[in-house]
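[1] got a sequence here, can you build the structure:
(chains A and B)
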Amino acid sequence: MRLSELFGKTQREIPSEADTASHRLLLRAGMIMQVAAGVYSYMPLGWRVLKKIENIIREEMDNAGGQELAMPVLQPVELWQQTGRDKAFGRGLFTLLDRRERTLVLGPTHEEVLTQMVGHHVQSYRDLPKLLYQIQTKFRDEPRPRGGLIRVREFIMKDLYSFDVDEEKLDVSYRKMIQAYQNIYDRCDLPTLLVEADSGAIGGKDSHEFMLIADTGEDEVIRCDKCDYAANADKAVSTKRPIAPEKPLPMEEVATPGMKTIEELANFLKMSKDHTLKAVFYVADGQVVFAMIRGDLDVNEVKLQRLLKCTDLHLATEAEVSAAGIAAGYASPMGLKNIKTVADDSVAEGINFVAGGNKPDVHIKNVNYPRDFKADIVADIACAREGDGCPKCDGMLKSTPGIEIGHVFKLGTFLSTALGADFIDEKGDSRPIIMGCYGIGLGRLLAAAVEHYHDDKGIVWPLSIAPYQVYLCPLYREDANISDVAEKLYTELQSAGLEVLFDDREESPGVKFNDADLLGIPLRVTVSPRTLQKDSVEVKWRAEKESRLVPVADAVVRVKDLVQRGK
RNA sequence: CGGGGUGUGGCGCAGCCUGGUCAGCGCGCAUGGUUUGGGACCAUGAGGUCGGAGGUUCAAAUCCUCUCACCCCGACCA
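    Prediction:
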C-alpha cells in the first residue's frame, strides 16, 4: 500500500477526549474513529490489525476442533425471557421495536440462539461433544463506555460454546479452550495471567479470565507472591488476619455520642478496628439484607450477590434503612426481626466485638457470635486485599490492575434446561446438555496490545498483528535514483510475499520517521542518498534503537528473512 | 443514575466573568518558491456563525432557560 493513497492520516495533535495510551495512539495513527459513545469505526490500518487478530483466533479455534457458524444480531426478546436473562442483563440489553411493535434484542451474546439451535439438531450422546463458534458483532448498552476500544457498546467478539454429555467432558472442552486461548495470546505476543473469576448470576462451577497486566486496566487482580494463586478481586479469597484469642466477656452498653463510622468508633473507644462489627445494609431484589463483617474488612458485593443468588443488589438508601426500623450508624444484629442477616466468617471467628446498640449514640461491647446473635448465613463475603494471606500457601497477596482480554465459563445446564436442549444418553435417558462458553473481544485485544506495546513515539506492533510488516521509507524521493530504487524494492518486497507500507509521500525525513514510529510497523527500510552511497538501505526494527545497513542487492532476501524469523 | 467538566473551521485551543470591529491563534489543508536523516521556512489562499432551541437586549459566542452530545470520577458492567 502506498501511503499517499491510504485512507486515513496521522494526527499530530492529541484528541482531547482520549486519556488511555491505546485510545490516543489509535486515534492519532488514523486507525479508528469514534462515531458515538462506545461506538467506533475501524479505518483501513486498524481493520487490518483486527483481521489479523481474527485470523489467529479462527485458526486456533479450528485447531481446537471448533466449527465456525454465524448467528443473527437480531433476536426475539421471547428467547431471552425464556431463560430469564432479559432480567439479568436488564438495561444493558439493547432492544428495539419492529414495525409490528414486537420487541427485538440486539444480541449481547448468543447462548440462547445457539442453545436453541443445538437443541434442535442434537438428539443423542453420539452427537456430542460439539464446539461451535462465531466471530461477530455484539451489543451491550454499557452504563459507561470508556478507554477507547477497551469498553464499548458495540464490539466484535469471538464466542465459542461447548456442548458436552457430562462434567468430565466439559472439563476436557474447558481445558482445550484454555490452551487455545493461551496459543492465541502467545501468537499475539501478549503475556497474560490466567485468573479465577466470578461466573456471575448465571452460576456454574468454574470461570477464568485472561488478564493482561496494565496500569490502565479497570479490573483488579489479586495474586500471591509465592505460589500461582491469582484471581479477580471480585472472586479472590484470602486468609484474614487472625485476632489474638481472648476470653468472651459479658455484654456492656457504652455511650458513643455521634460515633457513626467504624473509624470514629475505633478511635473513640481506643481499640483496633478488628474489634468492631461493621453493619452494612443492602437491598437484594427488593429485600433488605443485613450484612456484618469485621470492622477492618470490606464487603465484597459480588460475593454477596452470588451468595444471595439475587439479580439486583445495591446499598440500601437511608429511606430503605429507616423503613426497616434500623438506626443507621448504630445498627445492631441483636433483636433484628424479619431481616435476612449475613455474617462474614470473620465475625464468627472474632471475639468481643463492639456492635451497634440499635439506638442513637449507644454501642454494645463484648458482643460474641453465636452467643449473642445469630446470622442466617455465615460465609466469606470479604474483599481480599493486598497484604492478606494467600488461601493456598503462606505467601502474601498483591493487587495489580489488569485488562480482561478473555473469559471462559463452565455454564452447566442452566440454559439447556430452560431451552429444552436435551440429549439421550447411553441408557436411553434424556438429559440436559452441559454447556460452557468462551469469549474474546477482538477490539479489546487490539487495544490491549497497544497498551502493552507502545512508547512515547507511538505504537510498537508485534509482528503477528501489525497492519503491515515493512515500512518502506525513501528520503528525498525527488532524487530519481532514490525513487527508482524504492519503487523497485516496493515491487520486489511485495513479490516476496511481504506486506509493505510504502511511504511514497514527499515529506521531510522527520515527518516520515515520526509517522513510521507512530504507526508502529515492525520493520523500517530507509532508502536515502546516504545509504545509496554505500549501495545499501537501512533496516531498523521499530522496537530497537540500532539500525543496520544492508546491500541493496540483498535487501529483499534479508528483509524477508528478518520478518520470517521475527527478529 | 449521582458528582464534575467540555462543546468555537479537519485537529488542538483563546475569546465568555466585565454583551458592541472577537470571530482569532497554532497545527493541518491548497498554490508558488526556498529547503530537507528526526514533525523545515517564506509568501499567498480556502475554510467556522460559535452543539441545538427559546428568551433578555438597540445589539448575544459572551447573559438567562430548556435541550442534545461527548469526556472524567463513582455506581454499574456473566
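
[2] please count neighbours and contacts with C-alpha atoms only from this point.
    OK.

[3] residue in chain A with the shortest distance to RNA strand B?
    residue A:510 (3.1 Å; CA to the nearest atom of the strand).

[4] state the next helix or strand along the chain beyond the helix or strand containing that residue.
    In the assignment (DSSP states H and E), residue A:510 maps to helix A:509-519. On the C-terminal side of helix A:509-519, the closest following helix or strand by DSSP H and E is strand A:523-527.

[5] touching RNA strand B at all, that next one?
    Yes. Counting by CA under 7 Å from any atom of the strand, contacts between strand A:523-527 and RNA strand B involve A:526-527.

[6] mind giving me the packing neighbours of the lowest-mean-pLDDT helix or strand in chain A?
    The weakest-scoring helix or strand in chain A, judged by mean pLDDT, DSSP states H and E, is helix A:318-323 (a mean of 74). Using 3 or more CA pairs under 8 Å, 6 or more residues apart in numbering; DSSP states H and E, no helix or strand is in contact with helix A:318-323.

[7] and the following helix or strand past that helix, what does it pack against?
    Remark: after helix A:318-323, the chain's next helix or strand is strand A:340-344, criterion DSSP H and E. Applying 3+ CA pairs under 8 Å, 6+ apart, one finds that strand A:340-344 contacts strand A:287-294, strand A:377-379.

[8] partners of the longest one in the sheet?
    Looking at strand A:287-294 with DSSP bridges, its partner strands are strand A:277-284 (antiparallel), strand A:340-344 (parallel).

[9] among these, which one carries the weakest average confidence?
    Across the strands paired with strand A:287-294, strand A:277-284 has the smallest mean pLDDT, namely a mean of 85.

[10] grab the CA positions of the least confident helix or strand of chain A and hand them over as PDB.
    The C-alpha atoms that make up helix A:318-323 are tabulated as PDB, following Å, rounded to 0.1, in the frame of the first residue of the first chain:
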ATOM      1  CA  GLU A 318     -31.300   5.900  54.100                       C
ATOM      2  CA  ALA A 319     -35.000   5.700  53.400                       C
ATOM      3  CA  GLU A 320     -34.800   2.000  52.900                       C
ATOM      4  CA  VAL A 321     -32.800   1.500  56.100                       C
ATOM      5  CA  SER A 322     -35.100   3.500  58.300                       C
ATOM      6  CA  ALA A 323     -38.200   1.900  56.700                       C
END
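
[11] which strand in chain A has the most residues?
    Ranked by number of residues, the top strand in chain A under DSSP state E is strand A:397-412.

[12] next structured bit after that one?
    helix A:414-418.

[13] that following helix close to RNA strand B?
    No. Contact of helix A:414-418 with RNA strand B (CA under 7 Å from any atom of the strand) is absent, the minimum separation being 9.2 Å.

[14] what does that helix contact?
    Residues from elsewhere that reach helix A:414-418 (CA atoms under 8 Å, 6 or more residues apart in numbering): A:82-83, A:111-112, A:115, A:119, A:202, A:422, A:432-435.

[15] likewise for stretch A:265-280?
    A:243, A:256, A:259, A:262-263, A:290-297, A:315, A:331-332, A:347, A:350-356.

[16] ok so, going back, got the confidence number for the residue of chain A closest to RNA strand B?
    So, for residue A:510, pLDDT stands at 95.

[17] now the stretch 451-567 of chain A, which segments are flagged as low pLDDT?
    Residue ranges of the stretch 451-567 of chain A with pLDDT under 70: A:567.

[18] next to RNA strand B, which bits of it? Give me the list.
    Counting by CA under 7 Å from any atom of the strand, the stretch 451-567 of chain A sits next to RNA strand B at A:457, A:475-476, A:478, A:507-518, A:526-531, A:538.

[19] which of those are buried? Put it as a PyMOL command.
    In PyMOL, this line selects whichever of those come out buried by 16 or more other CA atoms under 10 Å:
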select buried, chain A and resi 475+476+512+513+515+516+517+518+526+527+528+529+531+538
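
[20] can you tell if the least confident helix or strand of chain A touches RNA strand B?
    No. Residues of helix A:318-323 are not located near RNA strand B by CA under 7 Å from any atom of the strand, the shortest gap being 14.1 Å.

[21] so how far is that helix off the chain centroid?
    35 Å (CA atoms, centre = their mean, to the nearest Å).

[22] swap in stretch A:207-214?
    That offset, for stretch A:207-214, works out to 6 Å (CA atoms, centre = their mean).

[23] quick one: contacts of it?
    A:190-199, A:232, A:400-410, A:448, A:451-452.

[24] what's the nearest residue to residue A:392 once chain neighbours are set aside in contact with, if anything?
    Spatial nearest neighbour of residue A:392, chain neighbours left out: residue A:229 (7.0 Å); criterion: CA to CA, 6 or more residues apart in numbering. Residues counted as contacts of residue A:229 (CA under 8 Å, 6+ apart) are A:195, A:223, A:390, A:392.

[25] local confidence estimate at residue A:229?
    For residue A:229, the predicted pLDDT is 95.

[26] chain neighbours aside, what residue packs nearest to residue A:378?
    Counting by CA to CA, 6+ apart, the residue nearest residue A:378 is residue A:343, at 4.8 Å.

[27] how many residues are close by that neighbour?
    26 (other CA atoms under 10 Å).

[28] follow-up on the earlier one: put the alpha carbons of the helix holding residue A:510 into CSV.
    These are the backbone C-alpha positions of helix A:509-519, laid out as CSV (Å, rounded to 0.1, in the frame of the first residue of the first chain):
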residue,chain,number,x,y,z
PRO,A,509,12.6,12.8,6.9
GLY,A,510,11.4,14.0,10.3
VAL,A,511,7.8,13.7,9.2
LYS,A,512,8.3,10.2,7.7
PHE,A,513,10.2,8.8,10.6
ASN,A,514,7.8,10.2,13.1
ASP,A,515,4.8,8.7,11.2
ALA,A,516,6.7,5.4,10.9
ASP,A,517,7.2,5.4,14.7
LEU,A,518,3.6,6.4,15.3
LEU,A,519,2.1,3.7,13.1
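
[29] low pLDDT regions in chain A?
    Using pLDDT under 70, chain A drops low at A:200-204, A:328, A:567.

[30] okay, now the domains of it?
    A:21-236+A:399-450, A:252-379, A:468-565 (automatic domain parsing).

[31] ok, now which ones touch the spatially most central residue of chain A?
    For chain A, the residue lying nearest the average C-alpha position, counting by CA atoms, centre = their mean, turns out to be residue A:404 (2.2 Å). For residue A:404, the contact set (CA under 8 Å, 6+ apart) comprises A:209-212, A:217, A:219.

[32] ok so, going back, buried ones in the least confident helix or strand of chain A?
    Buried, per 16+ other CA under 10 Å, within helix A:318-323: A:320-321.

[33] now residue A:538: which helix or strand?
    Short version, using DSSP H and E: residue A:538 is in strand A:536-541.

[34] that strand packs against which elements?
    So strand A:536-541, by 3+ CA pairs under 8 Å, 6+ apart, packs with strand A:523-527, strand A:547-551, helix A:555-565.
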